[in-house]
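K.L.:
Give me coordinates for this.
(4 chains)
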2 protein chains.
Amino acid sequence: MLTTRTHYSIGELCDEFAVTARALRFYEDEALISPERRGTTRLYSERDRSRLAWILRGKRVGLSLADIKELLDLYDLGDGRKTQRIKTVERCQAQADKLEQQRVDIDATLTELKDFIALVKAQDQES
Amino acid sequence: MLTTRTHYSIGELCDEFAVTARALRFYEDEALISPERRGTTRLYSERDRSRLAWILRGKRVGLSLADIKELLDLYDLGDGRKTQRIKTVERCQAQADKLEQQRVDIDATLTELKDFIALVKAQDQES
DNA sequence: TTTGACCTTTACGTGAACGTAAGGTATTGA
DNA sequence: TCAATACCTTACGTTCACGTAAAGGTCAAA
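P.N.:
As a prediction, the model looks like this:
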């Protein structure tokens, strides 16, 4: 039976995700993760681990920690009153729109970069 | 004859691209743009204008000003000795790889965001 | 001529996201 | 028993990308 680990030390997560312990503690200060403690030592659960993965992916696409926290909180709530659900959808949609625009920009930049690379490589051949 | 303007004041570029004059002067300090001067006043050419557009798109995809400067400089050079061309291709390829990864991350995040939005909207109907 | 709209420089301030000591605790293997 | 290893907290330092005065120059319209 291929079972997943239930707990990770801070060092293990650091190795797995290539982040520093300082960063993980900082995320905790900012209330993005809340690992348990055994004494003073942090014990990260599987859920903490996947939240961390989400955080890091959020960072890679350029979201601020504040944005990431907001989205994680919205996921956590998931429900709530109707007025709040409307706000939830609005905020998520706004982030989604930003990401769509980013995709367009990335595609344009990639096209230019690749064209330029091809150009320089061509010069390489002709010499 | 639909001709393009040849010069822009700092204020005009600020309006067009929705950036502050402080930002434009900062980019100049960092050697990303070098507008001419009429007296002390900056005169941006069409080329400066398109460089600015490039800079801002670079920022939107998460490049640092240092990265952007490097790429702009590489574009400017365009040629050079063979050893340098190799480095040029390497650096460009590295940035391109980073952007490809970012696309993947954006797609994943977008999928999750949209699924979540759909979920919350569905809850909205059922109440 | 003076008001207002622009432009300039110099220089200190700011928020985000950690880095980096400095010093202490707890467990573990030689 | 002693040293290494891994964890902890507190707190000041750092980089990036500008923001924000403060103080002033230039030019056109009223």
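
K.L.:
For chain A, give me the ranges with low pLDDT.
P.N.:
Scanning chain A for pLDDT under 70 picks out the ranges A:1-4, A:79, A:127.

K.L.:
Check whether the longest helix belonging to it comes into contact with chain B.
P.N.:
Longest helix of chain A, by residue count under DSSP state H: helix A:82-126. Yes: judged by Cβ under 8 Å from any Cβ of the partner chain, helix A:82-126 comes into contact with chain B at A:82, A:85-86, A:88-89, A:92-93, A:95-96, A:99-103, A:105-110, A:113-114, A:116-117, A:119-121, A:123-124. (Each C-beta comes from the backbone N, C-alpha and C, glycine too.)

K.L.:
Now the buried members of these.
P.N.:
Among the residues of helix A:82-126 next to chain B, the ones that count as buried by 16 or more other Cβ atoms under 10 Å in any protein chain shown are A:85, A:88-89, A:92, A:95-96, A:99, A:102-103, A:105-106, A:109-110, A:113, A:116-117, A:120.

K.L.:
gap between the nearest residue to residue A:124 once chain neighbours are set aside and residue B:60?
P.N.:
Distance criterion Cβ to Cβ, 6 or more residues apart in numbering or on different chains; nearest residue to residue A:124, sequence neighbours excluded, is residue B:85 at 5.6 Å. Separation of residue B:85 from residue B:60 (Cβ to Cβ, to the nearest Å): 28 Å.

K.L.:
Get me the contact residues on chain A for DNA strand C.
P.N.:
A:20, A:22, A:23, A:26, A:30, A:39, A:40, A:59, A:64, A:65, A:66 (Cβ under 7 Å from any atom of the strand).

K.L.:
Show me which of those residues is closest to chain B.
P.N.:
Checking the residues of chain A next to DNA strand C against chain B with Cβ to the nearest Cβ, the nearest one is residue A:59 at 9.3 Å.

K.L.:
Not counting its neighbours along the chain, what's nearest residue A:12?
P.N.:
Setting aside the residues directly before and after it, residue A:12 is nearest to residue A:44 in space (Cβ to Cβ, 6+ apart), at 7.9 Å.
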